[in-house]
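> Give me a 3D structure for the following:
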Amino acid sequence: LMGCVAVEVVLSAACAAAPSFGAYAVCRAFMGVPVGSIGAVSFVLCLEWALPVDNALLTSLLMVIWSICAVSLAGLSAATDALSVPWRVQMLLLSGFMATPFLCWPCTYESPRFHLTHGRVAMAESLLISSCTRFSIIIPEDSSLRPTQELSTSTHKPATSGIE
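Model prediction:
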């Protein structure tokens, strides 16, 4: 996810620095490639942590947020046009806007499902246990996710790769 955001920011900055219209057009066309991945991966990661009963509400909320962000970009363009801001500066502002997910990096959750599909069961269980601990969710006594003494006393904080 963060890899796609980084590509998007770099391509946006490349658009701003484009020496010709041809270079601008190529960079601008490639900017559309990571957008689908950013939306899809964000959607899957949000639904993965939600309860099934909340999926419809969460899906609607995510669509509304996506639409508000798209409209805000049009508003940003109109506001900068009214101020006679050069197009290169507009593209750099767009780059900054697209870089905002990096501010949320420390809050990004890793995907236990990603680790399970790659055979890292212990890491997936560790993520689930740390999430339960973080939000004071009591793990039932008969659960296979009961932390062992080693996990419950460690200060392991899972690293977020962001590229899932």
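> Quick one: neighbours of the nearest residue to Ala23 once chain neighbours are set aside, just the number.
With CB to CB, 6 or more residues apart in numbering as the criterion, Ala23 has its nearest non-adjacent residue at 7.8 Å, and that residue is Ala14. Bear in mind the C-beta positions are built from the backbone N, C-alpha and C, glycine included. A count of nearby residues for Ala14, using other CB atoms under 10 Å, gives 18.
> three-state assignment of the residue lying closest to Val33 once chain neighbours are set aside?
Spatial nearest neighbour of Val33, chain neighbours left out: Val7 (7.7 Å); criterion: CB to CB, 6+ apart. Following DSSP: H, G, I helix; E, B strand; the rest coil, Val7 is assigned to helix.
> And Ala78, by the same measure?
From three-state DSSP, the assignment for Ala78 is helix.
> Can you get me a residue count around it?
10.
> quick one: it and Gln90, what's the gap?
11 Å (CB to CB, to the nearest Å).
> In which helix or strand does Phe97 reside?
Secondary structure assignment for Phe97, by DSSP states H and E: helix 87-98.
> What are the buried residues along that helix?
Gln90, Met91, Leu92, Leu93, Leu94, Ser95, Met98 (16 or more other CB atoms under 10 Å).
> Brilliant, that's me finished.
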